[in-house]
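J.: A predicted structure for the sequence below; I have some questions about it.
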Amino acid sequence: MRLVYLNLVVQLQHLLRPEDGQDLIEYALLAFLIACGAAASIGRVAAGIVPAFSNIALQFNSAIAGVGS
């Protein structure tokens with residue numbers, strides 16, 4: 001994963017250097033790389049969020065069950 005971020009930083013540095021003739025394709029490839037990185041990260045974030053919300057739901061259900069008793 002670090003290699004992906006390192007490649008992204010190198011690409012950003014390349015784009016920020018003042019060069020004539022920057023092509024739209026380079027910007028499209030950079031946007032594609034950022035989108036791929038975001039898509040890869042979302043799966044990991046979702047895997048961490050789902051158990052947290054499940055735990056909260058269980059706590060609410062046990063609290064509601066305790067009130068009805």
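T.: Arrived safely, thanks for sending.

J.: residue ranges with poor pLDDT in the chain?
T.: 18-22, 68-69 (pLDDT under 70).

J.: mind checking the longest helix of it?
T.: Taking DSSP state H as the criterion, the chain has its longest helix at helix 24-68.

J.: who are the packing partners of that one?
T.: Of the remaining helices and strands, those touching helix 24-68 by 3 or more CB pairs under 8 Å, 6 or more residues apart in numbering; DSSP states H and E are helix 2-16. Where C-beta positions appear, they are placed from N, C-alpha and C, glycine not excepted.

J.: contacts for the helix it packs on?
T.: Outside helix 2-16, the residues within contact range by CB atoms under 8 Å, 6 or more residues apart in numbering are 22, 26-27, 29-30, 33-34, 37, 40.

J.: for it, buried residues please.
T.: When neighbours are counted by 16 or more other CB atoms under 10 Å, no buried residue of helix 2-16 is found.

J.: and that helix with helix 24-68, angle?
T.: Per axes from the mean of the first three to the mean of the last three CA atoms, to 10 degrees, the angle that helix 2-16 makes with helix 24-68 is 130 degrees.
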